[in-house]
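**Q** Got a predicted model here, sequence first, then my questions.
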Protein chains: 2
Amino acid sequence: MRTTTPEIYEDLQRKLMTASFSPGEKLKPSALQGTYGCSANTIRDVLLRLSKVGLVEFEMQRGFRATRSSEERRSDVTRFRILLEQEGARGSMREGGVAWEARLSAAHHQLSHIEKKIARSDIAQGDMELWSDAEFGFHQTLIADCRSPLLIETFGHIYVQFRQQMVSQERDFGTNYFRAIIAEHQAILEAALARDEDHCSRAIYEHLKRNL
Amino acid sequence: MRTTTPEIYEDLQRKLMTASFSPGEKLKPSALQGTYGCSANTIRDVLLRLSKVGLVEFEMQRGFRATRSSEERRSDVTRFRILLEQEGARGSMREGGVAWEARLSAAHHQLSHIEKKIARSDIAQGDMELWSDAEFGFHQTLIADCRSPLLIETFGHIYVQFRQQMVSQERDFGTNYFRAIIAEHQAILEAALARDEDHCSRAIYEHLKRNL
DNA sequence: AATTTTAAAAATTTTGAAAATATCTTCCAA
DNA sequence: TTGGAAGATATTTTCAAAATTTTTAAAATT
């Protein structure tokens, strides 16, 4: 199998985020090398980079494993995400202009479109991946104009870890779940466009508290 | 020169934090390999790990460089540090027990000892490194009991970036500076021990605002 | 003179294998 | 049985060279 390194990175990232590797599972370069038709060192390189994002744990002399999952960790990731998203949204509401409002509306429109489709329960193959991307797009746009590259970057890392933790915890992701979050995203959008910082913070908390 | 990989990591980290590499300077494995008597790949490995902490920037196909420095970045790092430290201290004040108070007092005592020595201006060789470690110890202890491993880890990353940004910005680090921060650290300690969350947050802000 | 093309040099990434290190098994003694 | 060597196995790390890509500098074209 001929695969470029960026493709390997993307593939491993996706597999980590969709629990194709179970939490805590050992990731052995020598084992993965066969899958991608490259040398073990290339895998090592990619895993080192994925450990920056927090999808992979690395410990010297004892290799890599998919980040462990636990009640505590899920809660920790969620708390941290709430902190970053509240602060980021606050910043965007202060600094963002009409262009930001436009982008946020657009991102929400796209997200809401797919969420309504899923809520009608005609969920098709690949919809979850589309939804996940749209969800990220919305939340990322929410904080995008806060003028803190560091916060934005860290939020990106935390978001993928959040997804990683959530998929490994099977819960009801049925139509009920989507019906609920449609309203929550709507609330966040409205508060953000109204530049009501406290209300927006609360809406973000309400959206995520089920994972605490 | 015979050097183990952890030593290489430490040495590069120290050099990055003390501006032995100027901001934005290219870090070429093939060039550094000679310094440490190891292969270029070992350096690459170390640099990849340092990029997780944010001391090094990595871009695919174009290698590594010491993290760039700018007015904006300094301000960004400072803002982010304030956010994390305020939140972490808040958590410690809520969750920490007497043991935490004891550790915080101890860390402060050590820090204040060296700061007073420096303020008397009999600053000796290696004092800055001792001070830097003690400063980190104090601030880390401040947030240590917030029960958020993620926040603690991220704070560690941001702290070293903060140091990195500060050293590359020459400013008056004379006795005046130390006289000022002695009082600021004292204020943080007192508010923390009094479990006065708002006051502590303010003291943290006052301590760091000069870098905004 | 400015831009694009081309060729050479330099740097980065990848490889495959050897060396170092950790982990597991088996066996023996307490 | 329990605990711990000793050896066997597997994994991780390191290496030096090959392959790829980027950068630099010079030449050619507009």
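**A** Thanks, I have it. Numbers count the residues shown, from 1 in each chain, chains lettered A, B, ... in the order given.
**Q** Would you mind naming what in chain A lies close to DNA strand C?
**A** Residues of chain A lying near DNA strand C by CB under 7 Å from any atom of the strand: A:4-5, A:37-42, A:45, A:61-62. Where C-beta positions appear, they are placed from N, C-alpha and C, glycine not excepted.
**Q** Show me the strands in chain A, by range?
**A** In chain A, the strands defined using DSSP state E lie at A:26-27, A:56-58, A:64-66.
**Q** From the contact counts, what lies against the shortest one?
**A** With contacts defined as 3 or more CB pairs under 8 Å, 6 or more residues apart in numbering or on different chains; DSSP states H and E, the packing partners of strand A:26-27 are strand A:64-66.
**Q** My read is that A:Thr67 contacts A:Val167, right?
**A** No: using CB atoms under 8 Å, A:Thr67 is not in contact with A:Val167; the gap is 11.9 Å.
**Q** Highest mean neighbour count out of the strands of chain A?
**A** Of the strands of chain A, the one with the most neighbours on average (mean count of other CB atoms under 10 Å in any protein chain shown) is strand A:64-66, at a mean of 22.
**Q** mind checking how far that strand is from the chain centre?
**A** Here strand A:64-66 is found 19 Å from its chain centre; the criterion is CA atoms, centre = their mean, to the nearest Å.
**Q** Is that strand positioned near DNA strand D?
**A** Yes: applying CB under 7 Å from any atom of the strand, one finds strand A:64-66 touching DNA strand D at A:Phe64.
**Q** With stretch A:40-52 instead?
**A** Yes: counting by CB under 7 Å from any atom of the strand, DNA strand D has neighbours in stretch A:40-52: A:40-41, A:44.
**Q** And for A:Gly97, the neighbour number?
**A** Residues lying near A:Gly97 (other CB atoms under 10 Å in any protein chain shown) number 9.
**Q** Could I get the contacting residues of it?
**A** A:Asp145 (CB atoms under 8 Å, 6 or more residues apart in numbering or on different chains).
**Q** cool, the one 10 residues further on as well?
**A** With contact set as CB under 8 Å, 6+ apart, A:Ala107 has these partners: A:134, A:137-138, A:140-141.
**Q** for those residues, which one is nearest DNA strand D?
**A** A:Gln140 (26.1 Å; CB to the nearest atom of the strand).
**Q** follow-up on the earlier one: let me have the strands of chain A in TSV, extended by mean pLDDT.
**A** Listed next are the strands of chain A as TSV, based on pLDDT from 0 to 100:
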stretch	mean pLDDT
strand A:26-27	96
strand A:56-58	97
strand A:64-66	97
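**Q** Which one of these lies nearest to B:Phe155?
**A** Nearest to B:Phe155, of all the strands of chain A, is strand A:56-58, at 18.7 Å by CB to CB.
**Q** still on that earlier bit, is it possible to mark the buried ones in the residues of chain A next to DNA strand C?
**A** Listed as buried from the residues of chain A next to DNA strand C are A:5, A:38, A:42, A:45; burial here means 16 or more other CB atoms under 10 Å in any protein chain shown.
**Q** Please name the nearest non-neighbouring residue to the first one.
**A** With sequence-adjacent residues excluded and distances taken as CB to CB, 6 or more residues apart in numbering or on different chains, A:Thr5 is closest to A:Thr42, at 6.1 Å.
**Q** Against chain B, how distant is that neighbour?
**A** 12 Å (CB to the nearest CB, to the nearest Å).
**Q** gap between that residue and B:Leu47?
**A** Using CB to CB, to the nearest Å, A:Thr42 is found at 16 Å from B:Leu47.
**Q** Let me know the pLDDT of A:Gly126.
**A** At A:Gly126, the pLDDT value in this model is 83.
**Q** for A:Arg2, same thing?
**A** pLDDT recorded at A:Arg2 is 71.
**Q** try A:Gly174
**A** pLDDT, A:Gly174: 75.
**Q** The top helix by length along chain A packs against which elements?
**A** If you go by DSSP state H, chain A has its longest helix at helix A:71-95. Under the contact definition 3+ CB pairs under 8 Å, 6+ apart, helix A:71-95 sits against helix A:127-143, helix A:149-167, helix A:175-193, helix A:197-208, helix B:71-95, helix B:149-167.
**Q** how about the fifth one: buried residues?
**A** Just to be clear, that refers to helix B:71-95. So helix B:71-95, judged by 16+ other CB under 10 Å, has buried residues B:73-74, B:76-93.
**Q** Please state the offset of stretch A:170-178 from the chain centre?
**A** Worked out by CA atoms, centre = their mean, stretch A:170-178 lies 17 Å from the chain centre.
**Q** ends of it, how far apart?
**A** End-to-end distance of stretch A:170-178 (CA to CA, to the nearest Å): 15 Å.
**Q** What residues of it count as buried?
**A** The neighbour-count check on stretch A:170-178 (16+ other CB under 10 Å) flags A:Phe178 as buried.
**Q** contacting residues around it?
**A** Stretch A:170-178 is contacted by residues A:115, A:118-121 when judged by CB under 8 Å, 6+ apart.
**Q** can you do 7 Å?
**A** With contact meaning CB atoms under 7 Å, 6 or more residues apart in numbering or on different chains, stretch A:170-178 is reached by A:115, A:118-119, A:121.
**Q** how about A:Ser51, what does it touch?
**A** A:Ser51 sits next to A:57-58, A:64, B:52 when contact means CB under 7 Å, 6+ apart.
**Q** separation between it and B:Leu50?
**A** Using CB to CB, A:Ser51 is found at 12 Å from B:Leu50.
**Q** pLDDT below threshold where in chain A?
**A** In the predicted model of chain A, residues A:1, A:172 satisfy pLDDT under 70.
**Q** ok, back up a step: which one of the residues of stretch A:40-52 next to DNA strand D is nearest DNA strand C?
**A** Comparing these against DNA strand C with CB to the nearest atom of the strand places A:Asn41 closest, at 3.0 Å.
**Q** which bits of chain A sit near DNA strand D?
**A** When proximity is defined as CB under 7 Å from any atom of the strand, chain A approaches DNA strand D at A:26, A:28-31, A:40-41, A:44, A:60-64.
**Q** Export those residues as a markdown table, with columns for distance to A:Gln186.
**A** Shown next, in a markdown table, are the residues of chain A next to DNA strand D (distance: CB to CB, whole Å):
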| residue | distance to A:Gln186 |
| --- | --- |
| A:Lys26 | 42 |
| A:Lys28 | 45 |
| A:Pro29 | 45 |
| A:Ser30 | 49 |
| A:Ala31 | 45 |
| A:Ala40 | 48 |
| A:Asn41 | 48 |
| A:Arg44 | 45 |
| A:Met60 | 47 |
| A:Gln61 | 50 |
| A:Arg62 | 46 |
| A:Gly63 | 45 |
| A:Phe64 | 40 |
